[in-house]
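Q: No sequence on hand, only this structure:
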RNA sequence: GUGAGUGUAGCUCAGCUGGCAGAGCACCGGAUUGUGGCUCCGGUGGUCGAGGGUUCAAAUCCCUUCACUCACCCCA
């Protein structure tokens, strides 16, 4: 086959698409209980948006963005890119709508595809999907804690095991000092560092802290919590206290630093053991300077994003992926039976049942095989005999028993069986 | 960008130091004229990823290339 899908892109067919939708629906119900409002924003933005938010030193901006060739007659100015993450676009829309000045306190959720050019592997694709939330105009620790509580509610509803890691990386006041300390530590131990870490030293020294190779050395590296200013420390302590009050289990990870420039104070990652090396399924944190950096008012913010593909993997390995239940398959034998079948099916569907009409061109034997294969609980069989008697045959495919019923009772009987 | 592994039927894979391309599952049909799952019998289905080389002979050995997978980097 020549016209295959592009590398790093995937087709979701049947069960995998349904698992996706299940996760999105679950997340939507959850955030709506927390009064988040939906926001839909473009897939394409100006390239500068990410330079100024995600960070020019980040891999995302340096090498992972899909740039769009713009038709010469286009009135757009400057380069355009397919969005590699959601937060900058949401912040841009928030500022552009004037909300930062009119009604700064807002909470939004979004859902959709993101695109990054990188080598695919388990749990990582070039087009992947994030469900994310952003809260603007709240700087209190209760807000931070409640986001994590919300994630815990979501986790519980999905029925999977996840672990929460949290940290504070300080703010504009204290982070520079911490960064400097890590840099000095790195320079001091330069000869012991792996090649990647030597690169990190110049690009983004904080990254050194989550290096896997130099893990032993990193044990003795400076810890962000020791450099927090009083304000940041009090904030972090409150977040932890509130999580305790809510009964959310978490581990404090002093080496947790996020890859994107805009994070301040609280950062967190939610990890699954079931999704391969890319084990972070949800991640986020506070970004108090971001809105101002993008030209808005000085409004604080915090948010997180979930990787839907990774959650789907976790759901599948946990055996929690949704099953597609078929209530009944309808088998008709002959033209008169087909006329009856169509009304029976319709009546059943009106009661909310999932009903698949089977082809009258195949033999009843093959159709019962088909009914079993699609996982139907019941088969409704209609032929000449049944029409004569004014009934239909309702066959329970699990119990292998059947009964003749008046057409009007079929839907009710199936509903009763489903409930019981 | 770096490293490793894998490409043979729709799917999962076997195929030894070169010698007629196979199994299981799935699908279709039959045993059973209107009754599935189990069993038995039969059938459809292949450019052995692609190109080149060595050889009387290549799925097998050599070279090139492409694709996929996993890992690193980075990230959801």
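A: Noted; the coordinates are in hand. These numbers come from a predicted model, not from an experiment.

Q: how about the strands in the stretch 1-150 of chain A?
A: A:37-38, A:44-46, A:67-68, A:80-82, A:106-115, A:127-136 (DSSP state E, counting those that start in this stretch).

Q: Low-confidence stretches in the stretch 1-150 of chain A?
A: Applying pLDDT under 70 to the stretch 1-150 of chain A flags the ranges A:1-2, A:71-77.

Q: Retrieve the pLDDT associated with the spatially most central residue of chain A.
A: Centroid-nearest residue in chain A: residue A:308, 3.2 Å away (criterion: CA atoms, centre = their mean). Note for residue A:308: predicted pLDDT of 97.

Q: so how far is residue A:49 from the closest residue to RNA strand B within the stretch 201-350 of chain A?
A: Proximity to RNA strand B, evaluated over the stretch 201-350 of chain A using CB to the nearest atom of the strand, is greatest for residue A:259 at 1.7 Å. Any C-beta I mention is one placed from the backbone N, CA and C, and that applies to glycine too. With the distance defined as CB to CB, to the nearest Å, residue A:259 ends up 17 Å from residue A:49.

Q: got the contact list for residue A:132?
A: Shown in contact with residue A:132 (CB atoms under 8 Å, 6 or more residues apart in numbering): A:86, A:87, A:90, A:109, A:110, A:111, A:284, A:303, A:304, A:305, A:306.

Q: just residue A:248 next, same as before
A: Per CB under 8 Å, 6+ apart, neighbours of residue A:248: A:145, A:148, A:149, A:152, A:164.

Q: which among those residues gets closest to RNA strand B?
A: Set against RNA strand B, the nearest of these by CB to the nearest atom of the strand is residue A:164 (12.4 Å).

Q: Of the contacts of residue A:132, which ones also sit close to RNA strand B?
A: Contacts with RNA strand B within the contacts of residue A:132, counted by CB under 7 Å from any atom of the strand: A:305, A:306.

Q: Go ahead and confirm residue A:390 touches residue A:406.
A: Yes: Residue A:390 is within contact range of residue A:406, at 6.9 Å (criterion: CB atoms under 8 Å).

Q: Okay, domains of chain A per the record?
A: Using automatic domain parsing, the domain ranges for chain A come out as A:15-174+A:228-317, A:326-419.

Q: What count of nearby residues applies to the residue of the stretch 201-350 of chain A closest to RNA strand B?
A: Per other CB atoms under 10 Å, the neighbour tally for residue A:259 reads 16.

Q: Near the closest residue to it other than its chain neighbours, how many other residues are there?
A: Closest residue in space to residue A:259, ignoring its immediate chain neighbours: residue A:58 at 6.0 Å, by CB to CB, 6 or more residues apart in numbering. Applying other CB under 10 Å, we find 21 residues neighbouring residue A:58.

Q: and if you look at the one 5 residues further on?
A: As a burial measure, residue A:63 scores 10 neighbours (other CB under 10 Å).
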